[in-house]
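Participant: what's the 3D shape of this:
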Amino acid sequence: MTVHQAFSTVVFDLDGVLIDSFGVMRQAFAAAYREVVGDGEPPFDEYCTHQGRYFPDIMRLMGLPGGMERPFVEASHRLIHEVEVYPDVPLVLKRLRESEVRTAIATGKSGDRARTVLEVVGLLPLLDTVVGSDEVDRPKPAPDIVREALRRLASEPGDAVMVGDAVIDIQSGRSAGTATAAALWGETATDQLIDEKPDFVLARPTDLLALVQGGVR
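Facilitator: Below is the predicted model:
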C-alpha cells in the first residue's frame with residue numbers, strides 16, 4: 001500500500017484515543033470480578049493487555065466467567081460521568097469536520113455503550129458514525145469493524161487512516177487496507193505498539209491534523 005498524507009477519512013478507536021476511561025474501567029472490572037468471581041485481586045493489568053477487544057472475547061481469553069459482562073456494564077454506566085476527554089480531542093474533531101474529513105469510531109465496546117459515553121462527554125455530534133464490536137461478525141483484530149465504518153462513510157480504504165492505541169487496532173486497519181497510526185497519549189504499551197510498525201506515530205491528538213486532506217492546522 002502506498003501511504004500518503006492526504007486522508008479524507010479517519011477511523012478512531014475510542015478508549016485510550018479519544019477518551020480516558022481507564023479509571024472507570026478499573027473500578028467496573030473490580031466490581032464485576034468481586035460480584036461474579038469473589039475474593040482475590042481482580043487481574044486488571046491482564047485485562048489491559050487485551051484492551052480494544054470485545055469484552056466477551058476478553059473474558060474467554062482470560063478464562064473468566066462471561067457473567068462478568070452485566071455487572072461490568074452496569075458499573076461502567078454508573079460511573080460514566082468520570083470518563084474524561086483527552087486534551088485537544090474536541091478541537092481536532094471540529095477541525096476535521098470543518099475540513100469535510102469523514103470520521104468514524106471502531107471500538108471494542110458495543111455500539112450502544114459507545115454512543116452513550118460519546119454523548120455524555122459531548123463528542124457524538126462531532127463524529128459521522130460509530131461502529132461497535134457487536135455490530136460486526138468478527139471484532140478486532142479482524143478487519144470487519146473498520147470495513148463497516150468505511151462502508152457507512154462511503155470511503156475507500158486507500159483514503160483512510162485507522163488511529164488506535166492497541167496492537168489489534170493497527171492489525172485491524174492494516175487488514176482492512178487502510179493506513180495506520182499509533183496514538184501514544186493514553187496508557188498504551190508503547191513498545192508493543194511501535195513494534196507493530198504502524199505507518200504513523202502520533203505523540204498527541206493534534207499530530208493527526210498533518211495527515212488529513214489539506215494538512216489541516
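
Participant: my guess is Asp199 meets Gly164, correct?
Facilitator: No - in this structure Asp199 lies outside contact range of Gly164 using C-beta atoms under 8 Å: 11.9 Å. Using the backbone N, CA and C atoms, a C-beta is placed for each residue, glycine as well.

Participant: which parts of stretch 25-33 are buried?
Facilitator: 25-29, 31-33 (16 or more other C-beta atoms under 10 Å).

Participant: and stretch 131-151, by the same measure?
Facilitator: 131-136, 139-150.

Participant: out of the buried residues of stretch 25-33, the closest to Val85 would be?
Facilitator: Using C-beta to C-beta, Met25 comes nearest to Val85 of those, at 15.5 Å.

Participant: name the SS class of that closest one, please.
Facilitator: When classified by DSSP: H, G, I helix; E, B strand; the rest coil, Met25 comes out as helix.

Participant: and if you look at the one 3 residues further on?
Facilitator: The assignment at Ala28 comes out as helix when based on three-state DSSP.

Participant: which element is the spatially closest residue to it that is not a sequence neighbour on?
Facilitator: Counting by C-beta to C-beta, 6 or more residues apart in numbering, Ala28 lies nearest to Ala75, which is 3.7 Å off, once chain neighbours are set aside. Ala75 is located in helix 69-78, with elements delineated by DSSP states H and E.

Participant: name the helices or strands packed onto that helix?
Facilitator: Packed against helix 69-78 by the contact rule (3 or more C-beta pairs under 8 Å, 6 or more residues apart in numbering; DSSP states H and E) you find helix 22-36, helix 55-62, helix 111-121.

Participant: tabulate those in JSON lines, adding columns for distance to Cys48 and mean pLDDT.
Facilitator: Converted to JSON lines, the helices and strands packed on helix 69-78 look like this (distance: least, C-beta to C-beta, whole Å; pLDDT from 0 to 100):
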{"stretch": "helix 22-36", "distance to Cys48": "8", "mean pLDDT": "94"}
{"stretch": "helix 55-62", "distance to Cys48": "10", "mean pLDDT": "93"}
{"stretch": "helix 111-121", "distance to Cys48": "18", "mean pLDDT": "96"}
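
Participant: phi first, then psi, for the residue nearest the centre of the chain.
Facilitator: Centroid-nearest residue in the chain, with C-alpha atoms, centre = their mean: Asp13, separated by 2.0 Å. Backbone dihedrals for Asp13, given as degrees, to the nearest 10, come out at phi -70, psi 170.

Participant: so it touches Val163, yeah?
Facilitator: Yes - if you go by C-beta under 8 Å, Asp13 and Val163 touch, sitting 6.8 Å apart.

Participant: give me the common contacts of the two.
Facilitator: 169, 183 (C-beta atoms under 8 Å, 6 or more residues apart in numbering).

Participant: perfect, that will be all.
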